[in-house]
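Undergrad: Have a look at this prediction, sequence included:
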Amino acid sequence: MATQQHQGASELLQRLRKIQEELGKVPGGAIAGLARELKLDEEQVYAVASYYPVFSPGQAASGRVPRALALSLAQSAGEIAILPAKGRILERCGRKLKDYEGYKKALSITPEEIIDLVKRSGLRGRGGAGFPAAVKWETARNALADQRYVVCNAAEGDIGAFMDRALLEGDVHSVIEGMAILARAIGASRGYIYLRAEYGGLIPAVEAALGEARALGVLTPEFDVEVFFAAGMYVCGEETALINSMEGRTGRPRNKPPFPAESGLWGKPTVVSNVKTLAQVALILREGVEPFLAAGTGRSRGSAILSFTGHAANVGVAEVPMGTSLADVVLKIGGGVAGGKKLKAVQTGGPLGGFIPAKDIDIPVTFEDFAAAGSPLGSGGLIVMDETTCMVAATRSFMDFNREESCGWCAPCRLGTEEIQAILRDICEGRGRAAHLGRLRAVAEAMAAASFCAFGQAAPNILLSALRHYPGEFEEHVLAKKCSCGFCRLGGGK
Ligand SMILES: Cc1cc2nc3c(=O)[nH]c(=O)nc-3n(C[C@H](O)[C@H](O)[C@H](O)COP(=O)(O)O)c2cc1C
Ligand code: SF4
């Protein structure tokens, strides 16, 4: 990877993982030896080893499902079902296609023309922020540099999200194709697939596909791709934290600007792009801009690839034109609620997202409509919640996760998640006080305003969304010390 100078740093995570696997821990004595071998400072090796829970014996790996959510909501494990709603992307899954038609088209036009196509499509990133793809591409291309990088963000840390896994399993060639097109557009010489720590089982198939792409001449010494296996931590899905972790540093977010497209991996222009975005790029080059623009509304064009879990009758992934009503998505494609129960809410946007109550689900699936509803679309994971769900306990689960995943670097996020977690625990265990409700809101608002990165700014979203839509449930827990849903301890549950 990169230059000789960066070799040791970039190997650090994988070497720590090997020690962890062999010894079940990373003993203090191993730190000095590893630092010597990789020509790194001992402090750096120690900082990295102690940052990731995966290297600390006795602690659960990050990215797990919080306890109460695991109890109340089924997760998709094992094989992923592709639901009948397939679009042009999901319909390729499982067909082992290696046509690379989009890449061939990219070779027939100039890099500027590729960027122009992506610009005309209005493609917005599918990783969560919905940022216009062409803006990043143009920035990276125009930055003066001797080297540029492409990183496929396959960290997929959102609770209840497994669309990226479905694409990597079903049609990884489209993802590699998107990377090769992006590389040609910006002049990148190297690409990485930053793979979620829990997706280690995908490595052999992804590496085999990279080998096939080399044999087809898509990947060459001028632009090749390798897998970078992450070490957990939800926040490492954030693009600058991701870059830090690839550089063998603690996976904490960096200040922005400079944005990665200006100065990213090893200080070089780097476009970090989600798995689904790259598959969309391949589709746009393959089929043209018009079909992409024909689906969707306003500034949300093309298709949305969504996953369904929780109490959904049909657990799996689906692809729908942007603008499709969420009600149709959840009730028709997701089959409504399992067991004939009533729908209570749809949780969207992962742990930084919010809730859309059943009465409001007739909104179009677009970035804009979900944002206006206070529950961002995020990367597209939908958790269906039935009438038995206690929204206080569910909120507590998400905030437990956010507390655990805060990198702890800045005070508003570290102390804010800690205080919210403590108050929600008190409320769920019958020690709630009336003043707690105002305090929750005040801490959440302070975090949103003062946290250093997008994680801390968005971490209280889910709490604010629950307080807005389900104030009665919070009041019942606090004032009557009761949980009508019967889930949490106040209702006689666990
Ligand atoms: C806390 C946090 C976690 C994130 N996790 C992911 C992730 O798992 N996958 C992803 O693609 N983007 C994730 N993002 C968004 C990335 O920072 C970045 O915007 C994205 O990878 C850019 O790709 P896109 O333009 O294709 O969406 C996360 C952002 C934050 C703030
Ligand atoms: S907001 Fe949270 S995750 Fe971001 S830097 Fe601060 S402590 Fe770390």
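TA: Right, received. Where do you want to start? Ligands and ions are numbered 1, 2, ... in the order given.

Undergrad: Next, count neighbours for the residue of the stretch 1-150 of the chain found nearest ligand 2.
TA: Proximity of the stretch 1-150 of the chain to ligand 2 (Cβ to the nearest ligand atom) peaks at Tyr51, 11.2 Å away. Every C-beta, even on glycine, is put in place using the N, C-alpha and C of the backbone. A total of 22 residues lie near Tyr51 under the criterion other Cβ atoms under 10 Å.

Undergrad: For the residue nearest to it when sequence neighbours are not counted, what are phi and psi?
TA: Nearest in space to Tyr51, with sequence neighbours left out and distances taken as Cβ to Cβ, 6 or more residues apart in numbering, is Thr250 at 4.2 Å. Thr250 adopts backbone torsions of phi -60, psi 140, taken as degrees, to the nearest 10.

Undergrad: List the contacts of Thr250.
TA: Contact analysis of Thr250 by Cβ atoms under 8 Å, 6 or more residues apart in numbering lists 47-48, 51, 244, 407.

Undergrad: which parts of the stretch 201-350 of the chain sit against ligand 2?
TA: Contact residues (Cβ under 6 Å from any ligand atom) of the stretch 201-350 of the chain with ligand 2: 235, 252-253.

Undergrad: Of these, which belong to strands?
TA: Judged by DSSP state E, those include no members of strands.

Undergrad: Ranking by neighbours, what's the top pick from these?
TA: Sorting those by how many neighbours each has (other Cβ under 10 Å) puts Val235 first, at 27 neighbours.

Undergrad: gap between that residue and Cys93?
TA: Between Val235 and Cys93 the computed distance is 29 Å (Cβ to Cβ, to the nearest Å).

Undergrad: and what of Ala81?
TA: Ala81 sits at a distance of 11 Å from Cys93 (criterion: Cβ to Cβ).

Undergrad: and these two? which has more neighbours close in?
TA: Neighbour tally, Ala81 and Cys93, criterion other Cβ under 10 Å: the higher count belongs to Cys93, 21 against 15.

Undergrad: ok, now which ones touch that one?
TA: If you count contacts by Cβ under 8 Å, 6+ apart, then Cys93 has 82, 86, 166-167, 169-171 around it.

Undergrad: Going by neighbour count, list what's buried in stretch 260-280.
TA: For stretch 260-280, the neighbour count (16 or more other Cβ atoms under 10 Å) marks 260-266, 268-280 as buried.

Undergrad: ok, now stretch 472-491?
TA: Buried residues in stretch 472-491 (16+ other Cβ under 10 Å): 473-474, 476-478, 483, 485, 487-488, 490-491.

Undergrad: Can you say which two of those residues are spatially most distant?
TA: Largest separation among those by Cβ to Cβ: Val478 and Phe487, giving 16.1 Å.

Undergrad: Tell me the residue of the protein that sits nearest ligand 2?
TA: For the chain, Cβ to the nearest ligand atom, closest residue to ligand 2: Gly456, 2.4 Å.

Undergrad: Would you check that that residue makes contact with Gly416?
TA: Yes. With contact defined as Cβ atoms under 8 Å, Gly456 counts as touching Gly416 (7.2 Å).

Undergrad: want to throw the contacts of Cys93 into TSV with secondary structure?
TA: What follows is the contacts of Cys93, written out as TSV (DSSP: H, G, I helix; E, B strand; the rest coil):
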residue	secondary structure
Ile82	strand
Lys86	coil
Ala166	helix
Leu167	helix
Glu169	helix
Gly170	helix
Asp171	helix
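
Undergrad: Does the one helix or strand Leu424 maps to reach ligand 1?
TA: Applying DSSP states H and E as the criterion places Leu424 in helix 411-428. No. Using Cβ under 6 Å from any ligand atom, helix 411-428 stays clear of ligand 1, coming no nearer than 10.6 Å.

Undergrad: which helices and strands sit right next to that helix?
TA: With contacts taken as 3 or more Cβ pairs under 8 Å, 6 or more residues apart in numbering; DSSP states H and E, helix 411-428 sits against helix 391-405, helix 434-450, helix 454-458.

Undergrad: could you pull out the strands for the chain?
TA: Here the chain has its strands, by DSSP E, at 149-154, 190-195, 224-229, 270-274, 296-297, 300-301, 303-310, 316-321, 343-348, 354-357, 381-386.

Undergrad: Could you point out which of those sits nearest Gly130?
TA: If you check each of these against Gly130 by Cβ to Cβ, strand 300-301 wins as the nearest, at 7.8 Å.

Undergrad: ok, is the closest one in contact with ligand 1 or not?
TA: No. If you take Cβ under 6 Å from any ligand atom as the test, strand 300-301 misses ligand 1, and the best it gets is 13.1 Å.

Undergrad: Just checking: what are the partner strands of that strand?
TA: strand 296-297 (antiparallel) (DSSP bridges).

Undergrad: still on that earlier bit, would you turn the residues of the stretch 201-350 of the chain next to ligand 2 into JSON lines with distance to ligand 1?
TA: Formatted as JSON lines, those follow (distance: Cβ to the nearest ligand atom, whole Å):
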{"residue": "Val235", "distance to ligand 1": "5"}
{"residue": "Arg252", "distance to ligand 1": "11"}
{"residue": "Pro253", "distance to ligand 1": "7"}
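
Undergrad: between these, which is closest to Asp386?
TA: Nearest to Asp386 among those, with distances taken as Cβ to Cβ, is Val235, at 30.4 Å.

Undergrad: Touching, the closest one and Phe455? I think so.
TA: Yes. Assessed by Cβ under 8 Å, Val235 is found in contact with Phe455 at 5.2 Å.

Undergrad: shared neighbours, these two?
TA: Contacts common to Val235 and Phe455, judged by Cβ under 8 Å, 6+ apart, are 253, 405-407.

Undergrad: Turn the residues you listed into JSON lines, columns for distance to Arg15 and pLDDT.
TA: Shown next, in JSON lines, are the shared contacts of Val235 and Phe455 (distance: Cβ to Cβ, whole Å; pLDDT from 0 to 100):
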{"residue": "Pro253", "distance to Arg15": "24", "pLDDT": "97"}
{"residue": "Glu405", "distance to Arg15": "24", "pLDDT": "95"}
{"residue": "Ser406", "distance to Arg15": "26", "pLDDT": "97"}
{"residue": "Cys407", "distance to Arg15": "22", "pLDDT": "96"}
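
Undergrad: Can you list the low-confidence ranges for the protein?
TA: Along the chain, segments meeting pLDDT under 70 span 1-5, 56-77, 491-494.

Undergrad: Which residue is the nearest non-sequential neighbour of Leu293?
TA: Distances taken as Cβ to Cβ, 6+ apart place Arg301 nearest to Leu293, at 5.5 Å, with adjacent residues excluded.

Undergrad: In contact with the one you found, which residues?
TA: Taking Cβ under 8 Å, 6+ apart, one finds 121-124, 292-293, 295, 322 in contact with Arg301.

Undergrad: Equivalent analysis for Leu343, please.
TA: Neighbouring residues of Leu343 by Cβ under 8 Å, 6+ apart: 330-331, 336-337, 358, 361, 384-387.
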